[in-house]
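**Student:** sequence below, structure please.
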Amino acid sequence: MKYLIDFTALILLYVFVFFGRWKSKGRDVLLVNTLLYTYLSFVLYFTLMPIITALPFLLNHPYKPMNLVPFIDVTMGRGDFLRQIVLNVIMTVPFGFLFPLTRSRTAHAQFGRTVFVCFLMSLCIELLQPLINGFRTADITDVITNVTGGILGYVLYVIFRPITFWILNKVKAKH
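**Tutor:** The predicted structure is shown next:
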C-alpha cells in the first residue's frame, strides 16, 4: 500500500504536469522523456520508496553519516559487495543513454553534463536513503559505481546514436 501511494503520485505528476508538455513537442520527445521518467520512477522504487508515507517519520531515527571510504566492503570482504557493485553500475546505464537524448538534437550532447547530472542524482539518493529509511546507509562506493554506469550508458549512447536518431526520426514522422 505504501508503494501504491508513491506510484499514484508519480502517475498523477506524469499525467497532469509532464505528458501535455512533452506531447506538444512531438512524439519523439514524448517517447524519450516518458522512457526517462519511467526509468527514474523505477530508480526511486529500488532506492528510496516508500517516500510519502515515510515523511512523517524522517526525524524518528538517527541519521548515519555517509561512508566516505571507497570500496571498503571490497577490501574488508563484507557482504555481497560484488553484487552491489554490479547492480549499481547497471542501475545507471540507462540514465547515461537516455539523458543525452532529452537534450536538443541540434546541439551535441555533452559528456560532462551527463556525468555531472548522474553524479548529482546518485549523491542525492545516497544522502536521502538513511533519512527516509533508518535501515539504509549511504556509501561513496555507490556514488562511484553509479557514475561509472552513467559513463558506460553515455558510451552506448555515442555508439548507437545514429540508429537511435533514425528510430526517433521515424517516430517523429508518424502521424
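
**Student:** so Asp139 sits right up against Met66, yeah?
**Tutor:** Yes - counting by C-beta atoms under 8 Å, Asp139 does reach Met66; the two are 6.7 Å apart. (Glycine included, C-beta is placed from N, CA and C.)

**Student:** max-length helix in this structure?
**Tutor:** Ranked by residue count under DSSP state H, the longest helix found in the chain is helix 140-173.

**Student:** off-centre distance for that one?
**Tutor:** 13 Å (C-alpha atoms, centre = their mean, to the nearest Å).

**Student:** quick check: buried residues in it?
**Tutor:** 140-154, 157, 164, 168, 172 (16 or more other C-beta atoms under 10 Å).

**Student:** check which element follows the lowest-mean-pLDDT helix or strand in the chain along the chain.
**Tutor:** Lowest on mean pLDDT, DSSP states H and E among the helices and strands of the chain sits helix 72-76, with a mean of 90. Once the chain leaves helix 72-76, the next helix or strand it forms, by DSSP states H and E, is helix 81-101.

**Student:** that next one vs helix 140-173, what angle?
**Tutor:** 40 degrees (axes from the mean of the first three to the mean of the last three C-alpha atoms, to 10 degrees).

**Student:** which strands or helices does helix 81-101 pack on?
**Tutor:** Judged by 3 or more C-beta pairs under 8 Å, 6 or more residues apart in numbering; DSSP states H and E, helix 81-101 is in contact with helix 27-47, helix 72-76, helix 111-132, helix 140-173.

**Student:** okay, now Leu123: neighbour count?
**Tutor:** Leu123 has 17 neighbours, counted by other C-beta atoms under 10 Å.

**Student:** doesn't Asp142 make contact with it?
**Tutor:** No - Leu123 is not in contact with Asp142 according to C-beta under 8 Å; the separation is 9.4 Å.

**Student:** and Leu44, how close does it get to Asp28?
**Tutor:** 25 Å (C-beta to C-beta, to the nearest Å).

**Student:** nope, Met76 is what I was after
**Tutor:** From Met76 across to Asp28, the span is 48 Å (C-beta to C-beta).

**Student:** neighbour count for the two, which is higher?
**Tutor:** Using other C-beta under 10 Å as the criterion, Met76 and Asp28 rank with Asp28 on top: 20 against 10.
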